[in-house]
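Q: sequence plus the predicted model coming up.
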Amino acid sequence: MTVKERIFFLWGRAHIILIFIVCADSAYVKYCVFNKIPQNRLKSAASNLLLYNRPVQLYGKLTGTAAGYGFFAPNIKSNGLIVGDCDGQKIMPQFKSFETAMRFSVLSSTINDYLILHSDSTQKTSALEDECYDKIFKSIAVKMYYQNKCTQDTFYTSYNLVIFPTLQDYPASNRAYTLLKTKEVRLSIKK
C-alpha cells in the first residue's frame, strides 16, 4: 500500500467514525430530551470536547458529517402535505417551476414545525405567531381554490402528515401511505 493509499484509508476510517459519533451523540441527546431525563455529565463533557471544537465543526460543515444523517433515524417527523377538497376531489397546490415547488416544500415543513410546537404543551406560541400561520395557511387554501377552478361555496384544506407502512406491513404488500389530518381550515367563499 502506498503512502497516498494509506492516508486515504486512515482518513476514510476517521470520517466514518466521526459520522458514527455524531449520530450516536444526536440520538442520545434526542432520547434524553424526548424522555425528559437529564444527560450524563461525563458523556456531555466528552462530546463537547470531541465534537464542539472549531476544527471538528468546520470539518463537519465542509464534509456534511455534522448533519447526522438523521433521515434514517427513528422519531424523525414525517413529510406533510397540504390537501384540499374541491367538488369531492382531493387537490394539491400546483407549481409552474421546480424552484416554486422547493420553496413551498420549505414553507410546508415550517408549518409542520409550527404545528408540532403548537401542540407541545411545554412550549407556547404567541398569539401573533398563531395568527400569522393561520393567515399563511388560509392564503394557500385560497390559491388552491382558484388554481383548481373550484365552484363550491365552502372549501376545506387540511395539513396532513404522511404515514408510511411499517416494516411488518411492507412485505405483506401493504405499501400505500395514509394521511393523518393535523389541521383543517374551512373557507367560505363569497362570490
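A: Looks like it arrived, so ask away.

Q: and the longest helix along the chain, what's buried?
A: If you go by DSSP state H, the chain has its longest helix at helix 3-35. For helix 3-35, a neighbour-count test (16 or more other CB atoms under 10 Å) marks Leu18, Ile19, Ile21, Val22, Cys23, Asp25, Ser26, Lys30 as buried. (C-beta placed from N, C-alpha, C; glycine too.)

Q: and these as JSON lines, adding pLDDT and distance to Tyr177?
A: Listed next are these as JSON lines, based on pLDDT from 0 to 100; distance: CB to CB, whole Å:
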{"residue": "Leu18", "pLDDT": "88", "distance to Tyr177": "34"}
{"residue": "Ile19", "pLDDT": "86", "distance to Tyr177": "29"}
{"residue": "Ile21", "pLDDT": "88", "distance to Tyr177": "33"}
{"residue": "Val22", "pLDDT": "87", "distance to Tyr177": "30"}
{"residue": "Cys23", "pLDDT": "84", "distance to Tyr177": "26"}
{"residue": "Asp25", "pLDDT": "87", "distance to Tyr177": "31"}
{"residue": "Ser26", "pLDDT": "82", "distance to Tyr177": "26"}
{"residue": "Lys30", "pLDDT": "80", "distance to Tyr177": "24"}
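
Q: my reading is that Lys183 lies in a strand. Confirm?
A: Yes - counting by DSSP: H, G, I helix; E, B strand; the rest coil, Lys183 is located in a strand.

Q: low-scoring stretches of this structure, by residue?
A: Within the chain, the segments meeting pLDDT under 70 span 68-78, 117-125, 170, 191.

Q: I'd assumed Val162 was in contact with Asn79.
A: Yes - between Asn79 and Val162 there is a contact at 4.7 Å, judged by CB atoms under 8 Å.

Q: could you export the buried residues of helix 3-35 as TSV, including distance to Met92?
A: Shown next, in TSV, are the buried residues of helix 3-35 (distance: CB to CB, whole Å):
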residue	distance to Met92
Leu18	40
Ile19	36
Ile21	40
Val22	35
Cys23	34
Asp25	38
Ser26	32
Lys30	31
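
Q: please identify which of the residues you listed is nearest to Pro55.
A: Leu18 (11.4 Å; CB to CB).

Q: list phi and psi for Val83.
A: Here is the backbone geometry of Val83 (degrees, to the nearest 10): phi -130, psi 140.

Q: and it, how many neighbours does it have?
A: Residues contacting Val83 under the criterion other CB atoms under 10 Å number 18.

Q: contacts only, for it.
A: Contacts for Val83 (CB atoms under 8 Å, 6 or more residues apart in numbering) come out as Lys90, Ile91, Met92, Thr157, Ser158, Asn160, Leu179.

Q: what about the residues you listed, which are in helices?
A: Judged by DSSP H, helices contain none of those.

Q: which one of the residues you listed has the most neighbours?
A: So for those (other CB under 10 Å), the most neighbours sit at Thr157, 25 neighbours.

Q: what sits against it?
A: Thr157 makes contact with Ile82, Val83, Gly84, Asp85, Phe137, Ile140, Ala141, Met144, Glu184, Val185, Leu187, according to CB under 8 Å, 6+ apart.
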